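>>> okay, predicted coordinates and the sequence, questions at the end:
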Amino acid sequence: MPDQYFTPAARHSLAELYPEIAGTFAHGLAGHPLFETEALAQLASRMRPCDVEQNLAALPIGVDPAALCDNGLSIVETIRSIERNGSWLVLKFVEQDSVYRQLLDALLDELLPTVQSRTGPMLKREAFIFVSSPNAVTPFHFDPEHNILLQLRGEKVMTVFSADDPQIARPVEHERFHLGGHRNLPYDEAFAAKGTEHRLAAGNAIYVPVKAPHWVRNGSVPSVSFSVTWRSEWSYREAGAHGLNSILRRAGIEPSPPARFPHQNHVKSLAYRAVEKARRAFARPRP
């Protein structure tokens, strides 16, 4: 494997994007043995059931989470037959496995200087592996982390939308998510003109900003992708501001949405943390 997974040119590309612009650059992880079919099946067999998710491939772009279902196979069986079973799956938090943790850290350590100069330390490093059947659709959703998805096998198209467009992801959807709601978002065909398509083949990576809505359509052959993520103090403040807004909205106040980077949302975040700390204190059983 290469001494470095990201060339100077790739790191320069990320520097031009980070932290608020979605875009692609190259990586050198394709062909790594940890992402061969049998290695992934073995990893899945070691994982906790709560850290694996599988869905049928033939999904609409916008789908109610309650309507999701799997193919009835075990996760290991799904991986081994992914070319024909019409599914997509995700192995979550694979950094819990020491070998994949080492790889995650090697990748992110290369990018740390670029990231740290903008948003500070890389907090809560996590990793996810996506395995998809031909033509699978990952529905419209957003995520709270800074995310780089590295395409390792096959091809896919990711359509990404602006993170600060309240017509694409309404403020109430952000607030619902930060109160424990599902990542999936309602989708309207009128959104399509606002999305940007990014075509990914093996050796391509895409940076996706915090809370940038997106959906994915796989190509005509099975796909394997590795998603490496981290949080920043800014991302936690953004989440805290949405949490406070949910409290204000329930009180009949129409709050302004959190500001995007470089604005830090200090006041709302601190207020929400204080409210949560008080709530936990009152909820604690008394002796």
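Arrived safely, thanks for sending.

>>> what's near enough to touch Glu126?
Going by CB atoms under 8 Å, 6 or more residues apart in numbering, Glu126 touches 93, 95, 104, 145, 228-230. (Glycine included, C-beta is placed from N, CA and C.)

>>> is it true that it lies in a strand?
Yes - Glu126: assigned to a strand according to DSSP: H, G, I helix; E, B strand; the rest coil.

>>> excluding sequence neighbours, find me the nearest residue to it.
Nearest residue to Glu126, sequence neighbours excluded (CB to CB, 6 or more residues apart in numbering): Thr229, at 5.0 Å.

>>> quick one: that neighbour and Leu123 touch, right?
No - between Thr229 and Leu123 there is no contact under CB atoms under 8 Å: 10.4 Å.

>>> more neighbours: those two, which one.
Neighbour count, other CB atoms under 10 Å: between Thr229 and Leu123, Thr229 has more, with 22 against 14.

>>> and Trp88, that's in a strand?
Yes - counting by three-state DSSP, Trp88 is located in a strand.

>>> number of residues surrounding it?
Residues near Trp88, counting by other CB under 10 Å: 24.

>>> do you know how far it is from Gly203?
According to CB to CB, to the nearest Å, Trp88 and Gly203 sit 21 Å apart.

>>> re the thing from before, residues contacting the residue nearest to Glu126?
Going by CB under 8 Å, 6+ apart, Thr229 touches 125-128, 143, 145-148.

>>> strands of the stretch 101-250 of the chain, start to end?
Per DSSP state E, counting those that start in this stretch, the stretch 101-250 of the chain carries strands over the ranges 123-132, 137-141, 146-153, 155-160, 196-201, 204-208, 214-218, 223-231.

>>> what's the angle between the third one and strand 155-160?
This points to strand 146-153. Strand 146-153 runs at 160 degrees relative to strand 155-160, counting by axes from the mean of the first three to the mean of the last three CA atoms, to 10 degrees.

>>> can you list the buried residues in strand 146-153?
146-153 (16 or more other CB atoms under 10 Å).

>>> which one of the strands of the stretch 101-250 of the chain lies closest to Pro2?
Closest of the strands of the stretch 101-250 of the chain to Pro2 is strand 146-153, at 13.1 Å (criterion: CB to CB).

>>> leaving out chain neighbours, which residue sits closest to Leu112?
Nearest residue to Leu112, sequence neighbours excluded (CB to CB, 6+ apart): Met122, at 6.1 Å.

>>> picking that back up, tell me which two of the contacts of Thr229 sit farthest apart.
Pairwise over those, using CB to CB, the maximum falls at Arg125 and Asp143, 14.3 Å.

>>> may I see the buried residues of the longest helix along the chain?
Assignment by DSSP state H gives helix 98-119 as the longest helix of the chain. Residues 100-101, 103-105, 107-108, 110-111, 114-115, 119 are the ones in helix 98-119 that count as buried (16+ other CB under 10 Å).

>>> show me what contacts the closest residue to Asn135 other than its chain neighbours?
Leaving out its chain neighbours, the residue that sits closest to Asn135 by CB to CB, 6+ apart is Asn218, at 5.8 Å. By CB under 8 Å, 6+ apart, the contact set of Asn218 is 57, 88, 132-137, 154-156.

>>> and which of the residues you listed is nearest Asp165?
Val137 (21.6 Å).

>>> from memory that closest one sits against Ile61, does it?
Yes - between Val137 and Ile61 there is a contact at 6.6 Å, judged by CB under 8 Å.

>>> anything in contact with each of those two?
Shared contacts of Val137 and Ile61, defined by CB under 8 Å, 6+ apart, comprise Trp215.

>>> fine by me, we can end here.
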